[in-house]
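1. My questions concern the predicted model and sequence given below.
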Amino acid sequence: MQSETKARVDQLTSPAGHPVTALRFEGDIASTSKEAVLGSYQSLPKATAKLVLLDFTKVDYINSSGIALVIQMLIEAANSGQKVYAFGLSPHFTKVFTMVGITKYAGLFPSQADALAAL
Amino acid sequence: MSKVKSTSVEVRLPSQLGYEKVAMSTAAAVAKLMGFREDRVEDLKTAVAEACINAIEHGNKLNDDLSVDVVLSAGVNALEVKVIDDGNGLKTVPKKPDIDKKIHGEEDPRGMGMFLIQALVDEAEWVKGSNGKSSYVRLVIRLDAVAD
């Protein structure tokens, strides 16, 4: 019933010249998304992927189980010295992420260009 | 369809994760008919989805033989949603999640559903059913209120 979550990895460079690894999600982010969310993150080389940018542009539905997966990613990123940012959330999910405190550990931006400009 | 008075809509869901989206879409359709702003419809969708997930997972324990009933009652100025399962109801309402504790491994990363429900609607109450049956969560969202 839940739409399959897809994840794609892109390598970007910020205007300041920093390498940025983008994880682009598509579909629902829910309890069935563990492999797509955590699996794709865990496949990144920790030594070089120091700036991780989450793309939620093509995500319509995120529930509390999906938010928990994002938090698990943030825990691993904090332990690995990586910084995580996100863009493309709807105004509603921007509010939800702010309410649960994710913005304390992952900067949110309206667009990829805004995010890259800040990195 | 421009004015809705004490209209009731009922949805019966199987106890399978994912079907909360059916209740979510139905609630959104009713709220739009009542004239709720788009941001309040989004608040309601998340609250209803989380209430249904709790009912499916914790109330009915994913038992295929049980269903979750969702009753939407549209009044003049408010929409009430009851999500009914066959569990024993809540013993206690969990405390507000603490992101710092979660990040530092002192608190389970999960467990935000009830916090979101309470934060996104104007009223939320959990009612234990008699004889361990028909426990429900009752949500109310008002037309003139603005959630933080």
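-> Perfect, thanks for sending it.

2. who touches the strand or helix carrying residue B:72?
-> Here residue B:72 sits within strand B:67-74, counting by DSSP states H and E. Strand B:67-74 is contacted from outside by B:4-15, B:19, B:23, B:26-27, B:30, B:33-34, B:48, B:52, B:55-56, B:59-60, B:79-85, using Cβ atoms under 8 Å, 6 or more residues apart in numbering or on different chains. All C-beta atoms are positioned from the backbone trio N, CA, C, and that covers glycine.

3. 7 Å - rerun?
-> By Cβ atoms under 7 Å, 6 or more residues apart in numbering or on different chains, the residues outside strand B:67-74 that reach it are B:4, B:6-15, B:23, B:26-27, B:30, B:34, B:52, B:55-56, B:60, B:79-85.

4. Just the ones of these in strands?
-> Those of these mapping onto strands are B:7-14, B:79-85, per DSSP state E.

5. just the buried members of these?
-> Buried members of the ones in strands among the contacts of strand B:67-74, scored by 16 or more other Cβ atoms under 10 Å in any protein chain shown, are B:9, B:11, B:13-14, B:79-85.

6. For chain A, state which of these is nearest.
-> Within those, distances to chain A taken as Cβ to the nearest Cβ reach their minimum at residue B:14, with 9.0 Å.

7. who does the strand holding residue B:72 pair up with?
-> Here strand B:67-74 has these sheet partners by DSSP bridges: strand B:7-14 (antiparallel), strand B:78-85 (antiparallel).

8. any idea how far the spatially most central residue of chain A is from residue A:102?
-> In chain A, the residue lying closest to the centroid (Cα atoms, centre = their mean) is residue A:54, at 2.7 Å. To residue A:102, residue A:54 is 10 Å away according to Cβ to Cβ, to the nearest Å.

9. My read is that residue B:87 contacts residue B:60, right?
-> Yes: assessed by Cβ atoms under 7 Å, residue B:87 is found in contact with residue B:60 at 6.4 Å.

10. Can you give me the end-to-end span of stretch B:92-99?
-> The straight-line separation of the ends of stretch B:92-99 (Cα to Cα, to the nearest Å) is 20 Å.

11. Can you give me the buried ones in that stretch?
-> Applying 16+ other Cβ under 10 Å to stretch B:92-99 flags B:97, B:99 as buried.

12. now do stretch B:18-25
-> Buried-residue list, stretch B:18-25, by 16+ other Cβ under 10 Å: B:18-24.
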